[in-house]
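Asks: Next come a sequence and a model predicted from it.
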Amino acid sequence: MPTDLALTADAVRLGRTAADKTDAIDQCGALLVDLGAVEPGYVPAMHEREASVSTFLGEGVAIPHGTDASRALIKETALAVVQFPDGVDWDGNTVYLAVGIAASGGEHIGVLSALATVLSDPARAERLRTASAPSDVLALLGPGTDA
């Protein structure tokens, strides 16, 4: 991943539960707000994006993010990683890890590339879904990662 989109331990929440997809997206959005990356109005835009196009990637991972119009609400590019060990129904799929993305430009391409690389390897995808410490997630998705 590019160094301008560094993932930090304070952006990783493990062992969470969510009542449903809406709750999971709210948790990702709230973490992005808490990190100071977005204005609170970005969270409804994440739901708007999800209503138009599913952000489910496969291998138990989703990447909720806002609409193009919501980019004005982004203060800085950031990621928010929230793990749901019991899984969350995502329109018939099960999500164990939601990676909230706030990117005003093309920075998210690096995130998607890193995720695609991890998800293309079933063992690494499993390590990401079942991470027990933020450092495990950072090792898989952090800058200069080649785990």
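Replies: Done, it's in.
Asks: Report the secondary structure element holding residue 81.
Replies: strand 78-90 (DSSP states H and E).
Asks: Provide the strand pairings for that strand, with the direction of each partner.
Replies: Note on strand 78-90: by DSSP bridges, its sheet partners are strand 12-13 (parallel), strand 93-102 (antiparallel).
Asks: nearest to residue 119, of those strands?
Replies: When the strands paired with strand 78-90 are compared by Cβ to Cβ, strand 93-102 sits nearest residue 119, at 10.0 Å. All C-beta atoms are positioned from the backbone trio N, CA, C, and that covers glycine.
Asks: How many neighbouring residues does residue 19 have?
Replies: 10 (other Cβ atoms under 10 Å).
Asks: which secondary element of this structure has the worst mean pLDDT?
Replies: For the chain, scoring each helix and strand by mean pLDDT, DSSP states H and E identifies helix 108-119 as the least confident one, at a mean of 78.
Asks: Which strands or helices does that one pack on?
Replies: With contacts defined as 3 or more Cβ pairs under 8 Å, 6 or more residues apart in numbering; DSSP states H and E, helix 108-119 has these neighbours: strand 56-58, strand 93-102, helix 122-129, helix 134-141.
Asks: rewinding a little: out of the strands paired with strand 78-90, indicate the one that is most buried.
Replies: Of all the strands paired with strand 78-90, strand 93-102 has the most neighbours on average by mean count of other Cβ atoms under 10 Å, namely a mean of 25.
Asks: between it and helix 108-119, how many degrees?
Replies: Here the directions of strand 93-102 and helix 108-119 differ by 150 degrees (axes from the mean of the first three to the mean of the last three Cα atoms, to 10 degrees).
Asks: which regions of this structure lie under the pLDDT threshold?
Replies: Within the chain, the stretches with pLDDT under 70 are 1-6, 108, 111, 142-147.
Asks: Next one: the spatially most central residue of the chain from residue 72, what distance?
Replies: Nearest to the geometric centre of the chain sits residue 99, at 0.7 Å (Cα atoms, centre = their mean). Remark: distance between residue 99 and residue 72 (Cβ to Cβ, to the nearest Å) = 22 Å.
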